[in-house]
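> Below are the sequence and a predicted model for it; my questions follow.
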Amino acid sequence: MRILVIEDEARIRTFLARSLEAEGFVVHSAEDGREGLARALAGSYELVILDLLLPGLDGLTVLRELHRRCPELRVLILSARTDLATKLRGFELGAVDYLPKPFSLDELLARVHVQLRNPHASDDGRVLQAGRLVLELTQRRARIGDTVTDLSDREFRLLYFLLLHAREVVSRERLLSEVWGYHFHPGSNVVDVCIRRLRKRLGSEAPIETVRNAGYRVEAT
Ligand code: CA
């Protein structure tokens with residue numbers, strides 16, 4: 001699913017893109033209102049995350065135009081403007097949700113998932129599976145047969161990414177960038193340490209394979 005982030009603050013924009021990509025979304029971003037509006041109208045997005053205080057064109061104007069020209073497109077406002085009048089104006093102009101800044105990533109992700117949830121699947125039943133390994137997305141835990149393992153945030157993200165790319169070899173560099181958000185090599189083996197811990201916690205049946213000199217792969221049989 002495709003998400004467009006319209007946000008002028010580079011730090012937040014990058015953080016959002018990275019976090020949403022780690023959840024498996026395709027994320028594009030725009031740094032001002034005019035560019036954001038053009039992109040939103042040109043691309044086929046399932047959701048737009050929209051800041052309000054933007055250069056070029058302010059967020060409420062972007063929202064009004066979007067709603068007029070693409071009434072189906074869902075827009076979630078993420079803004080430091082938290083006064084009731086602005087909020088109500090946002091909903092009036094067609095926003096489906098409004099989250100004040102500063103925000104918690106977990107809450108944002110939960111709200112994004114609510115907006116994009118498959119209407120035919122219950123949220124509690126959302127899983128990713130590879131062979132006997134089942135990752136329960138809402139409960140953030142892994143299951144192999146009857147053995148259930150609660151995962152830390154990092155372990156969950158790592159496993160989620162590997163499962164999304166089951167059968168593919170995923171390099172350490174890619175995991176560092178997608179799961180840890182490092183775009184440089186930290187000079188430590190954080191990925192290997194986390195994989196080792198995951199294997200230990202999941203037990204001997206964990207289908208995570210080391211591919212020599214290449215990375216890791218989750219087996220799907
Ligand atoms: Ca802003």
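Great, that's in hand.
> In stretch 2-11, which residues are buried?
For stretch 2-11, a neighbour-count test (16 or more other Cβ atoms under 10 Å) marks Ile3, Leu4, Val5, Ile6, Glu7, Asp8 as buried. (C-beta placed from N, C-alpha, C; glycine too.)
> Go through those residues and flag which are in strands.
Ile3, Leu4, Val5, Ile6 (DSSP state E).
> Residue numbers of this structure in contact with the ion?
When proximity is defined as Cβ under 5 Å from the ion, the chain approaches the ion at Asp8, Asp51, Leu53.
> ok, 8 Å please
Within reach of the ion by Cβ under 8 Å from the ion, the chain has these residues: Glu7, Asp8, Glu9, Ile12, Asp51, Leu52, Leu53, Leu54, Gly59, Ser79, Ala80.
> what would those look like in TSV with pLDDT, secondary structure and distance to Gly36?
Below are the residues of the chain next to the ion laid out as TSV (pLDDT from 0 to 100; DSSP: H, G, I helix; E, B strand; the rest coil; distance: Cβ to Cβ, whole Å):
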residue	pLDDT	secondary structure	distance to Gly36
Glu7	98	coil	8
Asp8	97	coil	9
Glu9	97	coil	13
Ile12	96	helix	14
Asp51	98	coil	9
Leu52	97	coil	11
Leu53	96	coil	13
Leu54	97	coil	7
Gly59	97	helix	8
Ser79	96	strand	14
Ala80	95	coil	17
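> What is the nearest of the buried residues of stretch 2-11 to the ion?
Nearest to the ion among the buried residues of stretch 2-11, counting by Cβ to the ion, is Asp8 at 4.6 Å.
> give the contact list for the closest one.
Neighbouring residues of Asp8 by Cβ atoms under 8 Å, 6 or more residues apart in numbering: Glu31, Asp32, Asp51, Leu53, Leu54, Pro55.
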